[in-house]
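In: give me a model of this one.
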Amino acid sequence: MSRYESPSFNDGEVNPFANPSTVPAATSQYDRGGATIDIPLDSGKDLKAKEKELQAKETELKRREQELKRKEDAIAQAGIVIEDKNWPPFFPLIHHDISNEIPIHLQRIQYVAFTSLLGLVVCLLWNIVAVTTAWIKGEGPTIWFLAIIYFISGVPGAYVMWYRPLYRAMRTDSALKFGWFFFTYLFHIAFCVFAAVAPPIIFKGKSLTGILPAIDVLSGNILVGIFYFIGFGFFCLESLVSIWVIQQVYMYFRGSGKAAEMKQEATRRAMMAAL
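Out: Numbering: from 1, shown residues only. Below is the predicted model of the structure:
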């Protein structure tokens, strides 16, 4: 073929140089094994309806967000703090986050106070173990039931009565919460000192692992006596740690001027109550 001759095309081929109007239009259907495939398209009305539906949902979501923010602001203004339970990690029972909520200069005192709370748990738990041993050796079930009562009332009672007030006082710097902590923590220290001695008054003598019951049971059974002496050591250690905690908190309380603030607040409340 000469270079000046135009190329020829077969019937099944399309001439790229031909006039576009002469090229057959492509159809929207094609044959594949004799089956015709139709592609449905949403109408304009359906698209507008979906758009309106999405706009309505977006408006409702914004309304709920604004309502939630309004409630959170109202709670914050009222001084209510929402506390999520996060401790212990395997079974959260209380809210506890010293590193993020307590000022850094008070964290050491708070950690030691928390140690004293855990120490009370250990003391009362070991008290159950020792008293159970004494019951098996013939001391009777009464002291065992009393030891159980001490544990199930003492542990949550300590958290509610003095540890949580101290935690909130450290976090909010509230003078009244400090005052409540001092009042209740003194009872905690008195109980620990009393339990370390455990005289046979008020409480059933051998229901607490103090020094006097330890000496008494040692003559009857050496193993029970050893258990009671260990419990006596636990209560002594708990008493010393608790005394250190109240000293440190009191030093901070006086040094920060909270004592005068608490007196002024108490006077103001008394006057308001009188009026």
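
In: how about low-confidence regions in the protein?
Out: Along the chain, the parts satisfying pLDDT under 70 run over 1-44, 72-73, 75-82, 203-204, 257-271, 273-275.

In: apply 90 and report the result again.
Out: Applying pLDDT under 90 to the chain flags the ranges 1-86, 88-91, 93, 137-140, 172-176, 200-206, 219-220, 254-275.

In: now the helices: where do they sit in it?
Out: Assigned by DSSP state H, the chain shows helices spanning 44-77, 98-101, 107-134, 142-158, 164-172, 175-197, 211-218, 222-255, 258-274.

In: for the ones you listed, which one sits closest to residue 85?
Out: helix 164-172 (12.6 Å; Cβ to Cβ). For every residue, glycine as well, the C-beta is placed using N, CA and C.

In: can you count the residues close to residue 272?
Out: Residues near residue 272, counting by other Cβ atoms under 10 Å, number 8.

In: got it, and residue 103?
Out: Residue 103 has 10 neighbouring residues, counting by other Cβ under 10 Å.

In: any idea how far residue 167 is from it?
Out: Noted for residue 103: a distance of 12 Å to residue 167, by Cβ to Cβ, to the nearest Å.

In: now do residue 205
Out: 35 Å.

In: neighbour count for the two, which is higher?
Out: Counted by other Cβ under 10 Å, residue 205 and residue 167 do not tie: residue 167 has more neighbours, with 25 against 16.

In: could you export the helices of the chain as TSV, including distance to residue 91?
Out: Listed next are the helices of the chain as TSV, based on distance: least, Cβ to Cβ, whole Å:
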stretch	distance to residue 91
helix 44-77	27
helix 98-101	19
helix 107-134	14
helix 142-158	14
helix 164-172	18
helix 175-197	25
helix 211-218	33
helix 222-255	24
helix 258-274	35
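
In: of those, which is nearest residue 90?
Out: For the helices of the chain, the distance to residue 90 is smallest for helix 107-134, at 15.4 Å, taking Cβ to Cβ.

In: so for that closest one, what gets flagged as buried?
Out: Using 16 or more other Cβ atoms under 10 Å as the test for burial, helix 107-134 gives 109-110, 112-114, 116-117, 119-120, 123-124, 126-128, 130-134.

In: which other helices and strands does that helix contact?
Out: Applying 3 or more Cβ pairs under 8 Å, 6 or more residues apart in numbering; DSSP states H and E, we find helix 107-134 packed against helix 98-101, helix 142-158, helix 164-172, helix 175-197, helix 222-255.

In: out of these, which is the most enclosed?
Out: Neighbour counts (mean count of other Cβ atoms under 10 Å) averaged over each of the helices and strands packed on helix 107-134 peak at helix 164-172, with a mean of 20.

In: only C-alpha atoms, please: export that one in CSV.
Out: Provided in CSV are the C-alpha atoms of helix 164-172 (Å, rounded to 0.1, in the frame of the first residue of the first chain):
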residue,chain,number,x,y,z
ARG,A,164,-13.3,9.7,100.5
PRO,A,165,-13.7,13.0,102.4
LEU,A,166,-9.9,13.3,102.5
TYR,A,167,-9.7,12.6,98.8
ARG,A,168,-12.2,15.3,98.0
ALA,A,169,-10.7,17.7,100.4
MET,A,170,-7.3,17.3,98.7
ARG,A,171,-8.9,17.7,95.3
THR,A,172,-11.1,20.7,96.0
